[in-house]
Structure formats: C-alpha cells, structure tokens
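K.L.:
sharing a model prediction with you, sequence too.
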Amino acid sequence: MDNTSMTLKVPGKLMIAGEFAVLEPYQKLAVTAVDRFVYAAIEQSERNMLTLQDFKLENLDWSYEAGEVRIHSNDERTQFVCDAMTVVYTYLMEKNVQPENFHLAIRSELDDSSGIKYGLGSSAAVVTSVIAAILNKFLEKPPASELVFRLAAISHVKTQGNGSGADVAASSYGGMLQYASFQAEWLLDAYHNCKSITDLVERNWTYYELKSIQMPKNVYFCVGWTGKPASTSKLVDQILQLKSDNPEAFHRFLDASKLAVDQFFQGMENADVELLLKGVKQNRKALAAVGKAADTPIETPLLGTLCDLAESLGGAGKPSGAGGGDCGIAFMPSKQQADELMKAWKDAGIKALNLQPYPYGAAVTKE
C-alpha cells in the first residue's frame with residue numbers, strides 16, 4: 001500500500017418516480033445521482049483515525065476488535081460510519097486482506113453551507129464513500145460498482161433497519177437508474193443468517209434489480225427546494241401503516257404507481273416526452289392520493305405550487321422522495337420553459353437548486 005492520500009467523490013441522489021411503492025417487492029423506482037458530493041480522503045497513518053468534518057469530529061481513534069469496528073466517541077451520529085467500516089473491514093479480512101492503519105476523513109456538500117438538509121441522501125452517500133474509499137485503498141484493483149453497492153446496502157440496512165437502498169444504488173452507480181429494492185427485511189434476515197459477508201455479497205438477492213436508463217436529450221430537469229426537511233422514515237412508517245389499516249387504499253396506490261412508473265420508463269426509453277410527462281403527472285396523483293388516505297401530507301401546499309407551476313408551463317412536476325417538504329422535481333420540454341419555471345418558482349418562494357443528473361458513481365477523483 002502506498003502512503004499517498006486518495007480522495008473519492010460520491011454523488012448524492014434524488015428520487016424521480018415510484019416512491020413508497022418501491023418498498024414492496026418487484027415495484028420499480030427511478031432514481032438519479034446528482035452533482036453534489038460527499039468526499040472521502042483516506043491515507044496511511046500511524047494509528048487508526050476518523051474525521052467527520054460536518055459533525056466537527058476530528059481524529060477520533062477507532063479499532064477493529066472481535067469482528068466489530070469501535071469508534072472511540074459517544075456521538076451517535078458516528079453509527080452509520082461505524083457499521084460501514086465493520087462491514088467492509090470484515091469483507092476484506094474474509095478476502096485475506098489485512099488493512100494497515102489509516103486515517104479516513106469525510107466531508108459532505110450535500111446539505112447547504114448553513115446546515116440546511118436538502119434530502120439528497122447524505123447518510124447513504126456517506127456510507128457508500130466509506131465502503132468505496134476502504135476498498136479502493138486496500139484491494140489490488142478498483143472495486144466493481146456492484147460490490148460497493150452491495151456492501152453499502154448491507155451496512156445501511158444494518159444501521160437503519162429499513163429503506164429501499166435506491167439512494168445507495170445512485171451513489172454507487174451514478175446516472176439515472178431503474179431500480180427494484182432487495183427488500184430491507186429480506187436483506188436484514190439474510191445478513192443475520194449468512195455464513196460470511198462474502199457469501200451474502202455473492203449470492204442472488206431475490207427481489208433486487210437494477211439497470212441504467214438515459215433521459216431523452218430534449219427534456220430539461222429542474223429541482224426546487226420548498227424548505228422544511230422531511231423525516232423519510234417517519235413518512236414511510238405512516239404510509240406502511242395504511243397497508244394494515246386500509247389494505248384496499250394501499251393496493252390501489254400500488255397499482256396507480258406501477259402504471260405511472262411504467263409510463264415514465266417507456267417515455268424515457270422511446271424518447272417520448274409526452275408519455276414521460278404523463279407518467280410524472282400520474283405518479284404525482286398517486287402519491288397525493290395515498291398521502292390523503294394515510295392522513296400524511298406528502299404533497300405540502302408549497303410542493304403543490306411547485307408541481308402546478310410546472311404543469312401550467314407545459315411540463316410536469318412531483319414531490320421527490322418521501323415528500324412532506326424537501327425537494328420537488330420537474331421535467332420541462334424546452335430550455336425556455338425550464339427557465340420560465342425557475343423564475344416562477346422563485347416568485348412563489350421556492351428555491352431553485354442548481355442540480356443535474358450526474359453520470360458517475362463513487363470513484364477516485366483526480367482533482
């Protein structure tokens with residue numbers, strides 16, 4: 001291993017279509033990596049250290065004992081990183097790779113400099129950056145995106161206990177993806193019962209499916225932030241509660257979501273802008289309806305305004321991710337309409353974010 005510092009750049013994400021439904025088996029979701037990043041710098045050092053710049057935690061000592069990484073800090077925010085290090089470290093040991101001491105430093109630009117969270121998947125990108133940095137440092141050749149994704153997915157579910165893993169996929173692979181979730185329950189169970197991490201990584205993941213998709217050239221992608229960061233896990237719990245409280249409404253939503261998402265993917269594939277926009281509008285309706293049924297405001301008034309403005313200017317908009325605040329997205333059929341939308345958003349008190357889909361996943365940066 002050389003002594004030079006290596007820096008990795010890992011993109012954040014935005015959910016595009018199919019939110020909530022993706023938590024059910026075989027339901028597809030569209031997600032894109034975006035051009036805001038988490039950076040992980042790793043270098044050999046005399047002792048094992050960790051720096052999390054955004055939490056102002058510097059040079060924390062850590063050790064690997066009895067199959068677990070222990071970070072010497074009482075700060076609960078280190079848990080995601082701790083679990084990620086445990087998973088990747090264990091994987092390397094199984095491959096007979098003995099990492100030498102290193103210092104890992106992580107910083108994120110996914111949130112605003114004033115600490116405002118935009119909902120760009122920071123915990124998933126951080127986990128992916130930890131996994132990718134350690135693999136790139138200690139494996140003989142750069143790891144495949146699939147290996148990064150699987151180890152990061154295991155680690156994210158180990159910490160969080162739920163989630164679709166779509167954010168991890170976007171950070172690992174980059175670009176725009178068609179994604180079906182491995183199902184968190186399935187993965188947790190498989191993790192607790194596996195012989196080894198290697199075995200779990202190499203086996204077939206029953207429900208999981210992923211492929212890259214391309215956005216038609218004549219479609220313009222806009223992102224607006226409505227303020228009030230939303231708690232994804234809380235919203236997910238409320239929507240999943242509907243599954244037991246009102247199964248009929250929940251299954252109506254799944255059918256409506258599938259129809260909308262299929263239209264969206266077909267529009268993408270055939271560069272049929274009209275069909276793509278129709279899919280986005282239908283998905284917006286499906287999400288609003290399930291939010292209403294669950295008495296959970298997925299489409300807040302300002303997100304509603306964001307979408308209505310997009311439609312009034314000839315495009316289509318919808319909440320991105322769990323809704324309840326955070327970001328909305330819009331697809332516009334011309335640059336002029338996209339520019340007009342940005343102005344209209346600004347007048348309505350919506351902050352247009354300078355974000356675009358980003359084609360690459362976690363990778364060593366030459367910068």
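P.N.:
Thanks, I have it. Numbers count the residues shown, from 1 in each chain.
K.L.:
wouldn't residue 275 be in contact with residue 265 here?
P.N.:
No. Residue 275 lies out of contact with residue 265 (C-beta atoms under 8 Å); the separation is 9.5 Å. Heads up, the C-betas are built off the backbone N, CA and C, glycines and all.
K.L.:
buried residues, stretch 71-82. List them.
P.N.:
Buried residues in stretch 71-82, counting neighbours by 16 or more other C-beta atoms under 10 Å, are found at 71, 73, 78, 80-82.
K.L.:
show me what the mean pLDDT comes to for stretch 298-310.
P.N.:
Along stretch 298-310, the predicted confidence averages to a pLDDT of 96.
K.L.:
how far does the lowest-mean-pLDDT helix or strand in the chain sit from the chain's center?
P.N.:
Using mean pLDDT, DSSP states H and E, helix 232-245 stands out as the lowest-scoring helix or strand of the chain, at a mean of 87. Between the mean C-alpha location of helix 232-245 and the chain-wide mean there is a distance of 19 Å, by C-alpha atoms, centre = their mean, to the nearest Å.
K.L.:
just stretch 203-216 next, same as before
P.N.:
14 Å.
K.L.:
so for it, mean pLDDT?
P.N.:
Stretch 203-216 shows a mean pLDDT of 96 in the predicted model.
K.L.:
okay, strands next: where are they in the stretch 201-350 of the chain?
P.N.:
Assignment of strands within the stretch 201-350 of the chain using DSSP state E, counting those that start in this stretch yields the ranges 209-213, 220-225, 316-319, 327-332.
K.L.:
out of the ones you listed, flag the one nearest residue 234.
P.N.:
Ranking those by proximity to residue 234 (C-beta to C-beta) places strand 316-319 first, at 15.1 Å.
K.L.:
can you map out the helices along the stretch 251-367 of the chain?
P.N.:
According to DSSP state H, counting those that start in this stretch, the stretch 251-367 of the chain carries its helices in the segments 273-293, 301-312, 335-347.
K.L.:
ok, which of those comes nearest residue 91?
P.N.:
For these, proximity to residue 91 was assessed by C-beta to C-beta; helix 273-293 is nearest, at 36.7 Å.
K.L.:
show me what the closest one is packed against.
P.N.:
Taking 3 or more C-beta pairs under 8 Å, 6 or more residues apart in numbering; DSSP states H and E as contact, the helices and strands that helix 273-293 lies on are strand 6-17, helix 232-245, helix 247-269, strand 316-319, strand 327-332.
K.L.:
residue 362 and residue 10 touch, don't they?
P.N.:
Yes. With the criterion set as C-beta under 8 Å, residue 362 and residue 10 qualify as a contacting pair; they are 4.3 Å apart.
K.L.:
need the overlap of contacts for the two.
P.N.:
With contacts defined as C-beta atoms under 8 Å, 6 or more residues apart in numbering, the residues adjacent to both residue 362 and residue 10 are 128-129, 132, 171.
K.L.:
distance from the centroid: which residue in this protein tops it?
P.N.:
Within the chain, the residue lying farthest from the chain centre (C-alpha atoms, centre = their mean) is residue 46, at 33.9 Å.
K.L.:
shouldn't that one be within a helix?
P.N.:
No. Counting by DSSP: H, G, I helix; E, B strand; the rest coil, residue 46 is not part of a helix but coil.
K.L.:
taking the shared contacts of residue 362 and residue 10, tell me the two that lie furthest apart.
P.N.:
Put simply, by C-beta to C-beta the two of these set farthest apart are 132 and 171, 8.6 Å from each other.
K.L.:
overlap in contacts, these two.
P.N.:
10, 152, 362.
K.L.:
re earlier: pick the most deeply packed of the helices and strands packed on helix 273-293.
P.N.:
Of all the helices and strands packed on helix 273-293, strand 316-319 has the most neighbours on average by mean count of other C-beta atoms under 10 Å, namely a mean of 28.
K.L.:
coming back round to it: in helices, which of the shared contacts of residue 362 and residue 10 appear?
P.N.:
Judged by DSSP state H, helices contain the following of the shared contacts of residue 362 and residue 10: 128-129, 132, 171.
K.L.:
for the strands of the stretch 201-350 of the chain, which one sits closest to residue 145?
P.N.:
Taking C-beta to C-beta as the criterion, residue 145 comes closest to strand 209-213 out of the strands of the stretch 201-350 of the chain, the separation being 9.6 Å.
K.L.:
so which elements touch the closest one?
P.N.:
Strand 209-213 sits against helix 166-173, strand 176-180, helix 247-269, with contacts defined as 3+ C-beta pairs under 8 Å, 6+ apart.
K.L.:
relative to helix 166-173, how tilted is the least confident helix or strand of the chain?
P.N.:
130 degrees (axes from the mean of the first three to the mean of the last three C-alpha atoms, to 10 degrees).
K.L.:
now do the closest residue to residue 295 other than its chain neighbours against residue 252, distance only.
P.N.:
In this structure, residue 295 finds its nearest non-sequential neighbour in residue 238, 7.8 Å apart by C-beta to C-beta, 6 or more residues apart in numbering. Residue 238 sits 17 Å away from residue 252, taking C-beta to C-beta, to the nearest Å as the criterion.
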